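In: Have a look at this prediction, sequence included:
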Amino acid sequence: TALLDIFLMFFVLAGFACLVVDRDRARGRLVDWYETSPLSEHGPWLGLRPWRIAAGLCLGAACAVKWSGIFFLVAFAVMSLIWDAGARRAVGLRRPYGGMAGKDLPNLLLAMGLIPALTYMASWSGWFASAPGWGRNWAQATSQGPAYFVFDSIRSWLNYHFQVLGFHTGLATPHSYQSEPWSWPLLLRPVAFFYETPKSGCDTDSCAQEVLGVGTPVIWYGGLAALIAMIAWYVATRDWRAGAVLLGYAAGWLPWFYWAIADNRTMFLFYAIPMVPFMILAIVLAAGLIIGPADAAPRRRIVGASIVGAFTLLSLINFWWLYPVLTAEIIPYAEWHSRMLFKKGWV
C-alpha cells in the first residue's frame, strides 16, 4: 500500500538507530578520555560525531516526507542531549549539564538543526529547478535577473508552504473511515482501501474481497501491554531503553491529540505507522524481561521463553487468519464477516 507514512516510518527509525549508535560511540570516547586525560568539571568535546549527523540527515528526510517528522526531530534532539548529560554524570563530572551545554549542544545544533534543514531544502531541488512546478512562477522569477530569481524562488517556496499549512490545519471534512488518535492503539477504526463483492471465485454464491489497513490485534494489544510495562520499568529503574522507546511512541502519537481536540482534524489509523517500530521494540524489551537475564535460573528462562514463544506463535496464527482481508483474497462472505472483529468499526 503506497502511503507516505511508510517512508516517514523508515527515516524516523533510521534516525533513531543512528542516535543509539551515537550514544554508544560518545560514551566510549568519554570513557577513553576519563582513563587517559586530566579530569575537568565539564569534560571533553567529543568531536563531530558522524552518527549524530547521519541521524540529522535521516530526520531531515523524514520531515521532507511528511511534516509530522518534526515531532520526532525535536523529541530525539532533546533525548540525545539528555543522554549526553547522563554520560557526563556517569563518569563523575562535577558539572555534567554545563559540559553538555558547552561541549555537546553546538554539535547538536549542527547535526539536528542545520543538517535537517539543508536536507529538507535539498528535497525541493526538483521543484526549484522545474519551470512547471506547481506555484513555481518560473517566468516571473527569471524575468528580472539573477537576484530577483533567487528572491522570488524563495518567496514562492514559502508561499507554497503557507498554503499547505492552511490546507492541513483546516482539514476537517468528515470521512467514513476517519478515527481519533486515542483509538489507534486499539485498532477500532481501520481504513478499507479496497472492497468488492465478486460474482465468483469462492465456493459460495456470496463472495467478498478486501484490503483492510489494520494491524495484527495480538501484536497491537500485546504492544499496548508492553508499553505499560515500559512505563513501570522506566519509573522503577530509569532504564534508558524503556525511556527511548516510550519517547519515540509518544512523539508519533500524542501531538495528534492537539489537532483532534482543537481543530477536529480528519485523521486515519495509518497515521500511527511511525509508532509501530517503537511498539515492536517495547514488545522485544518486555520479552527480554520475561525471559530474564543470561544468569537467571534455568527454570525461569524456560518458563519465560515458553511465554514469549506462545505469544509469537499466537501472533503468527492471528496474522495468518487475517491475511485474506489484508491482501484482497476472494473468500466467502461469511468468512470475511467472521474476520471483522469489531463489527461497527471494521466494516
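Out: Thanks, I have the structure now.

In: Other residues contacting whichever strand or helix holds Pro116?
Out: If you go by DSSP states H and E, Pro116 is part of helix 115-122. Contact with helix 115-122 is made by Ile53, Gly56, Leu57, Leu59, Gly60, Ala61, Cys63, Ala64, Leu73, as judged by C-beta atoms under 8 Å, 6 or more residues apart in numbering. The C-beta positions use only the backbone N, C-alpha and C, and glycine is treated the same way.

In: does the fifth one belong to a helix or a strand, and which?
Out: According to DSSP H and E, Gly60 maps onto helix 50-65.

In: residue contacts, Phe128?
Out: Shown in contact with Phe128 (C-beta under 8 Å, 6+ apart): Arg136, Ser153, Trp157.

In: could those residues be laid out in CSV, adding neighbour count and distance to Ala87?
Out: Formatted as CSV, these follow (neighbours: other C-beta atoms under 10 Å; distance: C-beta to C-beta, whole Å):
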residue, neighbour count, distance to Ala87
Arg136, 19, 47
Ser153, 19, 43
Trp157, 16, 39
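
In: Show me those residues that map onto helices.
Out: Of the contacts of Phe128, the ones assigned to helices by DSSP state H are Ser153, Trp157.

In: After the helix holding Pro116, which helix or strand is next?
Out: helix 125-128.

In: List the buried residues for that next one?
Out: Phe128 (16 or more other C-beta atoms under 10 Å).

In: Check stretch 193-205 too.
Out: By neighbour count on 16+ other C-beta under 10 Å, the buried set for stretch 193-205 is Phe193, Cys202.

In: Mean confidence (pLDDT) on that stretch, please.
Out: Stretch 193-205 shows a mean pLDDT of 90.

In: any residues touching it, and which ones?
Out: 1, 206-213, 328, 330-334.

In: List the buried residues of the helix or strand containing Asp24.
Out: Using DSSP H and E, Asp24 maps to helix 4-36. Of the residues in helix 4-36, 5, 7-16, 18-20, 22-23, 25-27, 29-30, 33-34 count as buried by neighbour count, 16+ other C-beta under 10 Å.

In: all strands for this structure, in order.
Out: Per DSSP state E, the chain carries strands over the ranges 191-196, 207-213, 331-332.

In: Run the angle between the first one and strand 207-213 for me.
Out: This points to strand 191-196. Inter-element angle recorded for strand 191-196 and strand 207-213: 160 degrees (by axes from the mean of the first three to the mean of the last three C-alpha atoms, to 10 degrees).

In: in its sheet, what does strand 191-196 sit against?
Out: Paired with strand 191-196 in the same sheet, following DSSP bridges, are strand 207-213 (antiparallel).

In: Give me the contact list for the strand it pairs with.
Out: 1, 190-201, 269-270, 322, 325-333, 335-337, 346.

In: if we go to 10 Å?
Out: 1, 3, 177, 190-202, 268-270, 273, 322, 324-337, 339-340, 346-347 (C-beta atoms under 10 Å, 6 or more residues apart in numbering).

In: swap in stretch 298-305?
Out: Contacts of stretch 298-305 (C-beta under 10 Å, 6+ apart): Ala287, Gly288, Leu289, Ile290, Ile291, Gly292, Pro293, Ala294, Asp295, Ala296, Ala297.

In: May I see the domains of the chain written out as residue ranges?
Out: Domain ranges of the chain: 1-129, 175-346, per the TED database.

In: how close does the nearest residue to Trp157 once chain neighbours are set aside sit to Gly60?
Out: Distances taken as C-beta to C-beta, 6 or more residues apart in numbering place Trp124 nearest to Trp157, at 6.7 Å, with adjacent residues excluded. The gap separating Trp124 from Gly60 is 12 Å, by C-beta to C-beta, to the nearest Å.

In: ok, those two, which is more surrounded?
Out: Gly60 (25 against 15; other C-beta atoms under 10 Å).

In: For that one, give me its contacts.
Out: Contacts of Gly60 by C-beta under 10 Å, 6+ apart are 11, 15, 69, 73, 112-123.

In: In CSV, list the domains of the chain along with distance to His168.
Out: Listed next are the domains of the chain as CSV, based on distance: least, C-beta to C-beta, whole Å:
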stretch, distance to His168
domain 1-129, 8
domain 175-346, 8
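
In: Ok, which of the ones you listed comes nearest Phe162?
Out: domain 1-129 (12.6 Å; C-beta to C-beta).

In: Could you work out the end-to-end span of that closest one for me?
Out: Start and end residues of domain 1-129 are separated by 30 Å (C-alpha to C-alpha, to the nearest Å).

In: cool, stretch 268-285 as well?
Out: 28 Å.

In: How about it, which residues are buried there?
Out: Applying a neighbour-count criterion of 16+ other C-beta under 10 Å, the buried positions in stretch 268-285 are 268-279, 281-283, 285.

In: Quick check: the farthest pair among those?
Out: Longest span within the buried residues of stretch 268-285, C-beta to C-beta: Phe268 and Leu285, 28.2 Å.

In: quick check, nearest of the contacts of Phe128 to Leu227?
Out: Nearest to Leu227 among the contacts of Phe128: Trp157, at 39.2 Å, using C-beta to C-beta.
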